[in-house]
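**Student:** Here is the input, now give the coordinates:
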Amino acid sequence: MKRKDFMGHLTRHGCLLKREGGNHSVYLNVLNKKTSSVPRHNEINDYLIKKICKDLEIKSPF
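**Tutor:** Numbering: from 1, shown residues only. As a prediction, the model looks like this:
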């Protein structure tokens with residue numbers, strides 16, 4: 001999945017960009033105060049997307 005599409009999925013499910021790191025962006029789910037990092041790759045592996053969604057406790061796009 002493209003990173004841009006996944007970032008849109010995160011914002012639609014109530015997650016905000018908390019900060020930009022050196023190689024990752026850290027997202028915060030404001031409803032339950034969970035955080036997870038998203039790598040800065042053009043394509044993000046489906047397994048990693050599922051893991052990030054599980055960390056943030058939101059629905060996976062798959």
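**Student:** switch to C-alpha atoms for all contacts and neighbour counts from now on
**Tutor:** OK.
**Student:** The protein: strands as residue ranges?
**Tutor:** 15-20, 24-29, 34-39 (DSSP state E).
**Student:** Which one, of those, ends up nearest to G8?
**Tutor:** Evaluated with C-alpha to C-alpha, those place strand 15-20 nearest to G8, the distance being 9.5 Å.
**Student:** which secondary structure elements does that closest one contact?
**Tutor:** Helices and strands touching strand 15-20, by 3 or more C-alpha pairs under 8 Å, 6 or more residues apart in numbering; DSSP states H and E, are strand 24-29.
**Student:** got the buried residues for the strand it packs on?
**Tutor:** 25-29 (16 or more other C-alpha atoms under 10 Å).
**Student:** mind listing what that strand pairs with, with the direction of each?
**Tutor:** Here strand 24-29 is paired, per DSSP bridges, with strand 15-20 (antiparallel), strand 34-39 (antiparallel).
**Student:** May I see the strands of the chain arranged in a markdown table, with distance to M7 as well?
**Tutor:** Shown next, in a markdown table, are those (distance: least, C-alpha to C-alpha, whole Å):
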| stretch | distance to M7 |
| --- | --- |
| strand 15-20 | 9 |
| strand 24-29 | 9 |
| strand 34-39 | 9 |
